[in-house]
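**Student:** structure for this input, please:
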Amino acid sequence: MAETKQQLSLKERIYNKIRDDDQNDLISDVFDGVIITLIIINVLTVILDTFTLPKAVSVTLSVFETISVVIFTIEYIARVWTSDLMFPKLKPYKARLKYIFSFMALIDLFAIVPFYLPFVLPIDLRVLRSLRIIRLLRIFKVNRYTTAFVAIGNVFKKKKTQLLSSIFIVVILMIIASVLMYSVESTAQPEAFGNALDALWWAVATVTTVGYGDVYPITILGKILSGVIALLGIGLVAVPTGIISSGFVEQINKEEKKKHKEEHKFCPYCGHELNE
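**Tutor:** Next up is the predicted model:
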């Protein structure tokens, strides 16, 4: 059924207030500020839940949690409802499905689902308490409102191929190292290197240069192998860091060039800056 002009106008107004871009008016800024504040306070309440609190404080936090979930639920429903304006080339139901299964929409959903589970399923409250840690996912919602998170996301998206390749090589090194160390140390330390998975824990600590020291080789061959793996780990683990660093440099340079073009006028023919 076709929507009336009034309904479409209402949808457009709501979409303009909650959409993820920099074209904000006063109401949009207030909305963003309220959501960010709720997210931060909710994350703090997760931390406070780990303490033994007075009953009055616990009740206050519970009330605040309920209010927050109601607001986040309304926000989620509004975003799903207006998602066809986000993807105008798609049919409304396809646009909504595309949005529902997007990363940020899933974060929104997972952050509020634990609150509603007891109303739908006879779930054990102890299980529900463990699920409440999902509230921490709300911190990712800040990604909509901060350029810092957007920049980080752009860097990872742009460098994902190189990052995955480097991480894959590190994982392969750890698997090979764990199998080799198991073969060398299993006879001398069957309790510490009982299988390849036990040795994998040692490989993770060694390749990442963390070195917890709870599991370590005692044979001469094992110590030599451990030294070689540690040296390889120093170089290989630094590769993803370098990729991310170069990505940030490129992102910063790109943003500076864009800002410079917006602030200055250039000749469309020769490309030189025009003096006013």
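**Student:** run through this protein and note the low-pLDDT ranges.
**Tutor:** Applying pLDDT under 70 to the chain picks out residues 1-8, 20-24, 123-149, 260-276.
**Student:** by residue count, what's the longest helix in it?
**Tutor:** For the chain, the helix with the greatest residue count under DSSP state H is helix 220-263.
**Student:** and that one, what does it pack against?
**Tutor:** Counting contacts by 3 or more Cβ pairs under 8 Å, 6 or more residues apart in numbering; DSSP states H and E, helix 220-263 packs against helix 147-158, helix 160-185, helix 196-207. C-beta: built from backbone N, CA, C; applies to glycine.
**Student:** got the angle for that helix vs helix 160-185?
**Tutor:** Relative orientation of helix 220-263 versus helix 160-185 (axes from the mean of the first three to the mean of the last three Cα atoms, to 10 degrees): 170 degrees.
**Student:** relative to helix 196-207, how tilted is helix 220-263?
**Tutor:** Using the same axes, to 10 degrees: helix 220-263 against helix 196-207 is 60 degrees.
**Student:** tally of neighbours for residue 198?
**Tutor:** Residue 198 has 19 neighbours, counted by other Cβ atoms under 10 Å.
**Student:** got the contact list for the residue nearest to it when sequence neighbours are not counted?
**Tutor:** Leaving aside its sequence neighbours, residue 198 sits nearest to residue 192 (Cβ to Cβ, 6 or more residues apart in numbering; 6.7 Å). Residues in contact with residue 192 (Cβ atoms under 8 Å, 6 or more residues apart in numbering) are 185, 198, 215.
**Student:** before we move on, what about residue 189?
**Tutor:** Residues in contact with residue 189, defined by Cβ under 8 Å, 6+ apart, are 217-218.
**Student:** phi first, then psi, for it.
**Tutor:** Backbone torsions of residue 189, given as degrees, to the nearest 10, read phi -130, psi 70.
**Student:** now swap in the one 4 residues further on and tell me
**Tutor:** Residue 193 has phi and psi values of phi -120, psi 60 when expressed as degrees, to the nearest 10.
**Student:** wait, what's in contact with it?
**Tutor:** Per Cβ under 8 Å, 6+ apart, neighbours of residue 193: 181-182, 185-186, 199, 202, 215.
**Student:** check residue 208 too.
**Tutor:** The contact partners of residue 208, by Cβ under 8 Å, 6+ apart, come to 233, 237.
**Student:** same check on residue 60?
**Tutor:** For residue 60, the contact set (Cβ under 8 Å, 6+ apart) is empty.
**Student:** separation between it and residue 54?
**Tutor:** Distance, residue 60 to residue 54, by Cβ to Cβ, to the nearest Å: 9 Å.
**Student:** circling back to that earlier point, out of the helices and strands packed on helix 220-263, which comes closest to residue 242?
**Tutor:** Closest of the helices and strands packed on helix 220-263 to residue 242 is helix 160-185, at 8.8 Å (criterion: Cβ to Cβ).
**Student:** relative to helix 147-158, how tilted is that closest one?
**Tutor:** With the same axes, to 10 degrees as the basis, helix 160-185 and helix 147-158 are set at 70 degrees to each other.
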